[in-house]
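*Asks:* Okay, sequence plus prediction incoming.
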Amino acid sequence: MNELQVKTELTPIEIALGIDEQGRTTARKLYEFLGLAKSQFSRWCRTNILDNEFAEEGIDYEGFDINVEGNIVKDYRLSASFAKKLSMTAKNERGEQAREYFVRAEEKLKGFAIQISKLPPEMQMFKALFDQQAKQYLELQQLKEDNQKLKEDNQKIAEKIESIRDVISLDTTSWRDDTSAILKRIGMKYGGGEAYSQARVESYELLNKRMGVDLHTRLNNKKKRMAEMGIPKSKIDKLTYVDIIAEDKKLIEGYTAIVKEMAIKYGVT
């Protein structure tokens, strides 16, 4: 008895294009295969897919989300017919290779459709039912993925809200330690030592501007007074802007508020 053998091996071009069971590729796979400028992918999609008056969503393409280096971005599944048209926009050898592949793929699909029409009515009905069940299954799987993504997004939002609450709840009784810890976390997030120094400088500049003060002048004046009082230079040299802020309740409140805003701005708690 002859056994029906199903060919599962993919050709190199099918692997490169990420061809799925329905003969479709994706916009990103096709764009990469065509060797087009990486920075222009979004513009290419908008021009050739989303704003294409001859492209019909649900027939020629369908959008879906993918994770790229931790970021959720958009991609599009493309029918063989539509992918062939897009391949023709690339005036290079890769474009011609892709076009020829999708021409052959279309011919195979047409041949398969003709063979299906020759099946007995009951078998055609069985195939239609199978296709419907397969479509419903894939839609259900997509719905599950969307629900999972929604749960993850909601969790991230909840965590962010909780973090913002923690920052907002900072008071002026422990302001030195709290503001210093936040600025250190900002520095760590953006590279370490130099970023930490830049965060501190930014906080002082914002305080000067918002409160109409000059911390540098105040610090120098205080050092002069301490020197005149005979206080050891080693102690004078340890004075910082934070010590100047600590002498004025309004500056403490203003500085605490500024560092809170920076925490939210830079996404740290």
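*Replies:* Done, it's in. Everything numeric in this text was worked out from a predicted model, so none of it was measured.
*Asks:* Pretty sure residue 64 sits in a strand.
*Replies:* Yes: judged by DSSP: H, G, I helix; E, B strand; the rest coil, residue 64 forms part of a strand.
*Asks:* Where does the closest residue to it other than its chain neighbours sit: helix, strand or coil?
*Replies:* Nearest residue to residue 64, sequence neighbours excluded (Cβ to Cβ, 6 or more residues apart in numbering): residue 75, at 6.0 Å. All C-beta spots, glycine's among them, are computed from the backbone N, C-alpha and C. What three-state DSSP gives for residue 75 is strand.
*Asks:* do residue 59 as well
*Replies:* Assignment for residue 59 (three-state DSSP): coil.
*Asks:* doesn't residue 80 make contact with it?
*Replies:* No: using Cβ atoms under 8 Å, residue 59 makes no contact with residue 80, being 11.9 Å away.
*Asks:* So for the two, which sits in the more crowded spot?
*Replies:* Taking neighbours as other Cβ atoms under 10 Å, residue 59 and residue 80 compare with residue 80 leading, 20 against 10.
*Asks:* The closest residue to that one other than its chain neighbours: neighbouring residues, count only.
*Replies:* Here the nearest residue to residue 80 in space, its sequence neighbours aside, is residue 105; by Cβ to Cβ, 6+ apart that works out to 4.4 Å. Residues near residue 105, counting by other Cβ under 10 Å, number 21.
*Asks:* helix, strand or coil for residue 105?
*Replies:* Relying on three-state DSSP, one would call residue 105 helix.
*Asks:* before we move on, the earlier item: let me see the contact set for the residue nearest to residue 64.
*Replies:* By Cβ atoms under 8 Å, 6 or more residues apart in numbering, the contact list for residue 75 reads 26-28, 63-66.
*Asks:* Just give me the closest of those residues to residue 264.
*Replies:* residue 65 (26.7 Å; Cβ to Cβ).
*Asks:* burial of residue 232, as a residue count?
*Replies:* 10.
*Asks:* Could you measure from it over to residue 239?
*Replies:* Distance from residue 232 to residue 239, counting by Cβ to Cβ, to the nearest Å: 12 Å.
*Asks:* so where's the stretch 101-250 of the chain shaky on pLDDT?
*Replies:* 109-119, 124, 127, 158-172 (pLDDT under 70).
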